[in-house]
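Colleague: requesting a structural model of the entry that follows:
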Amino acid sequence: MSRMVEYVQFHFSTEEKLLTRINYPGFQEHKKQHEIMVFNILQAVKDFNEGGIFVPNHFARTLKDWIFSHIAVSDKSFAIFIHERRKKGLLTDEQLKI
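Modeller: Here you go, the predicted structure:
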């Protein structure tokens, strides 16, 4: 679980750097979604470490569902934003490098 937390935090921070660099208008809402997900993951880890009720299959399903819905909706929105800006010549490949 700790490796998953590390990866999620790395992934989100990298994505947020990109969104900041390209001045994505939905950045604050997107970042808030990341913060909520990280909080939920950390809470599940805390509950597990403190001997609380932890159902691995439920946790894995919740995580999978959240990630897929986040990718399908929120990440798709910024992908469309990037595509449109690149098409208009307002974003370069250099600006998209992480």
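Colleague: can you list contacts of the worst-scoring helix or strand of the chain on mean pLDDT?
Modeller: The helix or strand of the chain with the poorest confidence is helix 56-70; it has a mean of 79 (mean pLDDT, DSSP states H and E). Residues outside helix 56-70 that contact it (Cβ atoms under 8 Å, 6 or more residues apart in numbering) are 4, 33, 37, 40-41, 44. To be clear about C-beta, it is placed using only N, CA and C from the backbone, and glycine gets the same treatment.
Colleague: show me the contact partners of whichever helix or strand comes after it.
Modeller: On the C-terminal side of helix 56-70, the closest following helix or strand by DSSP states H and E is helix 76-87. Defining contact as Cβ under 8 Å, 6+ apart, one finds that helix 76-87 is touched by 19, 22, 24-26, 30, 91-92, 96.
Colleague: by pLDDT, give me the weakest of the contacts of helix 56-70.
Modeller: For the contacts of helix 56-70, the weakest pLDDT value sits at Met4, with 76.
Colleague: wait, that one touches Ile41, no?
Modeller: Yes. Using Cβ atoms under 8 Å, Met4 is in contact with Ile41, at 7.2 Å.
Colleague: out of the two, which sits in the more crowded spot?
Modeller: Between Met4 and Ile41, counted using other Cβ atoms under 10 Å, the more crowded position is Ile41 (19 against 12).
Colleague: ok, the closest residue to the more buried one other than its chain neighbours - contacts?
Modeller: Closest residue to Ile41 in three dimensions, ignoring its sequence neighbours and counting by Cβ to Cβ, 6 or more residues apart in numbering: Val5, at 5.7 Å. Applying Cβ under 8 Å, 6+ apart to Val5 gives the contacts 38, 41-42, 45.
Colleague: can you flag the buried ones in those residues?
Modeller: Buried members of those, scored by 16 or more other Cβ atoms under 10 Å, are 41, 45.
Colleague: which of the contacts of Val5 fall in helices?
Modeller: Counted as lying in helices by DSSP state H, out of those, are 38, 41-42, 45.
Colleague: just for the protein, where's the confidence low?
Modeller: Applying pLDDT under 70 to the chain flags the ranges 54.
Colleague: let's see it at 90
Modeller: Residue ranges of the chain with pLDDT under 90: 1-11, 36-74, 93-98.
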